[in-house]
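Peer 1: The sequence and its predicted three-dimensional model are supplied below.
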Amino acid sequence: MQMLTLREREILRQIAAGLSNKEVAQRLGLSAHTVAAHVRSGFKKLNVHSRKALSAAFEPESRPAFQILERRASETQYILVLDQGTDRSRAMVVNKAGRMVASARKELAHAYPKPGWVEHDGLSIWSSQAGVAAEALAAAGVNAADLAAVGITGQRETTLVWDRETGQPVYPAILWQDRRSDEFCERLKRDGYTPWIQSKTGLVPDSYFSATKIKWILDHVKGARRLAESGQLLFGTVNSWLVWNCTRGEVHVTDATNASRTMLYNLHTGTWDRELLAFFGIPERMLPSVRSCSEVYGVTRPPFIADGVPIAGMAGDQQAALFGQRCVTSGMVKNTYGTGCFLVMHTGLKPIMSRHNLLTTVAWAIGGKTEYALEGSIFTAGAAVQWLCDGLGILRHPADIDVLAGSAPDNGGIYFVPAFAGLGAPYWNQNARGTLTGLTRESKAGHLARAALESIAYQTRDVIKAMEADARIPVKELRVDGEFAANDFLMRFQSDILGKPVRRSQAFSARAMGAAYLAGLAVGYWSGAEELDSQWQEDRRFDPSLKTAEIRRLDTGWRQALRAAVAGACR
């Protein structure tokens, strides 16, 4: 089989399954002549002369996968998680107790061809992810036979388009932060398309999502539109790209959570929306099939580990974190504190269309049941702390901010609105600019550090208030994870300004655990929700202690700073 091209393998597999040349041609969007040519070439390479012989040739390749499935899910086995993030690829080996046995990571380089443009090399995304998977397995001392399943999570809206036959991307991956289609999205808003798009997708027109990134590639890469219309090109977010490569091009799928971040997926029908596809000029044959978050999509193929390990769980990073934090009933909220902040509230079995500038999205789809969520994305959180290091030089490392912030008894009247890339939810003002208010000759580095951390908490509080207003459900507690959730000063202030308990998870990575849980459930590795709920453990709880009058005073200062940040954009 190694001598076959990916296209030949795809065609012959369907022929071996009993489809006619004509049926294969219709499925793949090819001409009957092209299919026949590939069949002849494949027969010659495999030295077979009939369809019966072809089926026999494919039997040894497919049968072991199902035999492996039957003997998996033992307590002595593990889940391999592929976690492909914005800045790094990471892999983790997780055991049945929900503990990480080993992990490996590799940083990724960004490219910035023009102001506002952010790209990754698609092949580097895959090679780095495959590499850290091998490292993690080696560190754990396990091999593919010890794996019950593979789960996948990672960045969501980042867009790749590749040739289905060669496997080569036609353009670098366009990252979720990329703003090259801002002007087009602003035109959509001015022309009144926001309610129409939001009613279908739960999203607002923004270059954050995949639709305008795909359109840009088709419009600007020479020959891309023609190839896409002929069925030669495939689109996928990072999860689709990883599955396609893990299976050597056999499987082109996505899950409902990632699909819901494209601005092409209809939340109400659970399918790609053909009106939106026509509107954006995107051929449907480019798109992956949409599957649930917990099922066997396919099996691994060499050279990515060994043959036959089920790929069985998939969700976008924030939905995976919601699942990993066990926020599984309406009104439960998690916040991941990283470069930005991502808050997600579980809202139940019906999508709630936001009236307070939040996004409506799929929480997960499991066992034929789809659950929904509200999401608020804060563009700048930990990045504000990094700016204190790189921009102002008052910190050597972000971890040092706790001590520096603690050196000041209060914020000294300083408020910091870190709108370096505009403001995300619930304000959605891409023209707002970073603003510091209240500076005096008495202002010290500790005051700035404190204001930076407090800004993260204020933004988080504003998103939660919007969630409560949309869902009409009071939030009882906030579950937190991510790099900056380890900062005790920030978590204490978050609880104070929010007026609710903040509970920090012991999990090494909530999103990795979510992906592991989804994969494990699909193959019977874990018995169900009760077993998963029992694995969530609290690291520390922070309870509010600030008086109401002080909260009001601080909130007044924050509102004034927000107005200044927006006013500065209007000049």
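Peer 2: Here it is on my side, so go on.
Peer 1: partners of F416 in the sheet?
Peer 2: Per DSSP bridges, the residues bridged to F416 are L436.
Peer 1: how close does it get to H447?
Peer 2: Per Cβ to Cβ, to the nearest Å, F416 is found 10 Å from H447. Glycine gets a C-beta too; all of them are placed from N, C-alpha and C.
Peer 1: Repeat that for N335.
Peer 2: On the measure of Cβ to Cβ, N335 and H447 end up 25 Å apart.
Peer 1: Between F416 and H447, which is the more surrounded one?
Peer 2: F416 (28 against 24; other Cβ atoms under 10 Å).
Peer 1: my guess is the more buried one contacts L439, does it?
Peer 2: No: if you go by Cβ atoms under 8 Å, F416 and L439 don't touch, sitting 10.1 Å apart.
Peer 1: So what are the sheet partners of the lengthiest strand in the chain and their directions?
Peer 2: Looking across the chain with DSSP state E, the single longest strand is strand 369-378. Looking at strand 369-378 with DSSP bridges, its partner strands are strand 341-348 (antiparallel), strand 359-366 (antiparallel).
Peer 1: any chance of these in a markdown table, plus distance to A421?
Peer 2: Listed next are the strands paired with strand 369-378 as a markdown table, based on distance: least, Cβ to Cβ, whole Å:
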| stretch | distance to A421 |
| --- | --- |
| strand 341-348 | 13 |
| strand 359-366 | 17 |
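Peer 1: Could you dump those strands into TSV with mean neighbour count added?
Peer 2: As requested, the strands paired with strand 369-378 are exported to TSV (neighbours: other Cβ atoms under 10 Å):
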stretch	mean neighbour count
strand 341-348	25
strand 359-366	24
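Peer 1: of the ones you listed, which approaches A510 most closely?
Peer 2: strand 341-348 (10.7 Å; Cβ to Cβ).
Peer 1: Averaged pLDDT, that closest one. What do you get?
Peer 2: Mean pLDDT, strand 341-348: 94.
Peer 1: Can I get it as CSV, trimmed to CA atoms?
Peer 2: Extracted in CSV, the C-alpha atoms of strand 341-348 (Å, rounded to 0.1, in the frame of the first residue of the first chain):
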residue,chain,number,x,y,z
CYS,A,341,-9.1,34.7,28.2
PHE,A,342,-11.8,32.4,27.0
LEU,A,343,-14.9,32.2,29.0
VAL,A,344,-17.5,29.5,28.2
MET,A,345,-20.9,29.0,29.8
HIS,A,346,-22.9,25.8,29.4
THR,A,347,-26.4,26.8,28.4
GLY,A,348,-28.2,23.5,27.7
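Peer 1: quick one: that strand to chain centroid distance?
Peer 2: 14 Å (Cα atoms, centre = their mean, to the nearest Å).
Peer 1: hmm, who's touching it?
Peer 2: 317-319, 321-322, 327-336, 361, 363, 371-378, 381, 425, 456, 459-460, 463-464, 467, 471, 473, 475, 482 (Cβ atoms under 8 Å, 6 or more residues apart in numbering).
Peer 1: Turn the buried ones among the residues you listed into a named PyMOL selection, would you?
Peer 2: Applying 16 or more other Cβ atoms under 10 Å to the contacts of strand 341-348, the buried members can be selected in PyMOL as follows:
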select buried, resi 317+318+319+321+322+327+330+331+332+333+334+335+336+361+363+371+372+373+374+375+376+377+378+381+425+456+459+460+463+464+467+471+473+475+482
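Peer 1: so what does the helix or strand containing W241 touch, helix or strand wise?
Peer 2: Secondary structure assignment for W241, by DSSP states H and E: helix 238-246. When contacts are defined as 3 or more Cβ pairs under 8 Å, 6 or more residues apart in numbering; DSSP states H and E, helix 238-246 packs onto strand 78-84, helix 122-140, strand 147-154, strand 160-163, strand 233-236, strand 253-255, strand 294-299, strand 310-316.
Peer 1: try 7 Å
Peer 2: With contacts taken as 3 or more Cβ pairs under 7 Å, 6 or more residues apart in numbering; DSSP states H and E, helix 238-246 sits against strand 78-84, helix 122-140, strand 147-154, strand 253-255, strand 310-316.
Peer 1: Who are the packing partners of the shortest one?
Peer 2: It stands for strand 253-255. So strand 253-255, by 3+ Cβ pairs under 7 Å, 6+ apart, packs with helix 238-246, strand 289-291.
Peer 1: most neighbours per residue, which of these?
Peer 2: helix 238-246 (a mean of 27; mean count of other Cβ atoms under 10 Å).
Peer 1: which stretches of the stretch 1-150 of the chain form helices?
Peer 2: Applying DSSP state H, counting those that start in this stretch to the stretch 1-150 of the chain gives helices spanning 6-16, 21-28, 32-46, 51-71, 122-140.
Peer 1: With respect to burial, which of these scores highest?
Peer 2: For those, the highest mean count by mean count of other Cβ under 10 Å goes to helix 6-16, at a mean of 21.
Peer 1: any idea of the angle it forms with helix 238-246?
Peer 2: 80 degrees (axes from the mean of the first three to the mean of the last three Cα atoms, to 10 degrees).
Peer 1: thinking again about what came up before, just the C-alphas of the longest strand of the chain, formatted as CSV.
Peer 2: C-alpha atoms of strand 369-378 as CSV (Å, rounded to 0.1, in the frame of the first residue of the first chain):
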residue,chain,number,x,y,z
LYS,A,369,-27.3,15.0,21.6
THR,A,370,-25.9,18.5,21.0
GLU,A,371,-25.4,20.9,23.9
TYR,A,372,-24.7,24.6,23.5
ALA,A,373,-22.7,27.4,25.1
LEU,A,374,-22.2,31.1,25.2
GLU,A,375,-18.6,32.3,24.8
GLY,A,376,-16.8,35.5,25.5
SER,A,377,-13.2,36.0,24.1
ILE,A,378,-10.9,38.5,25.8
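Peer 1: I'd like the distance from it to the chain centre, please.
Peer 2: The answer for strand 369-378 is 12 Å, by Cα atoms, centre = their mean.
Peer 1: Same question for stretch 531-551.
Peer 2: 26 Å.
Peer 1: List the contacts of stretch 103-116.
Peer 2: Residues outside stretch 103-116 that contact it (Cβ atoms under 7 Å, 6 or more residues apart in numbering): 87-92, 118-120, 124-125, 128, 131-132, 135-136, 139, 172, 179-180.
Peer 1: let me fix that: stretch 545-552
Peer 2: 496-497.
Peer 1: what do you get if the cut-off is 8 Å, keeping everything else the same?
Peer 2: 495-497, 499.
Peer 1: are any of those buried, and which?
Peer 2: 495-497.
Peer 1: Quick check, E165 in contact with Q232.
Peer 2: Yes: the pair E165 / Q232 is scored as a contact, 7.1 Å apart, by Cβ under 8 Å.
Peer 1: Between these two, point out the one with more neighbours.
Peer 2: Neighbours were counted for E165 and for Q232 using other Cβ under 10 Å; Q232 has more, 22 against 15.
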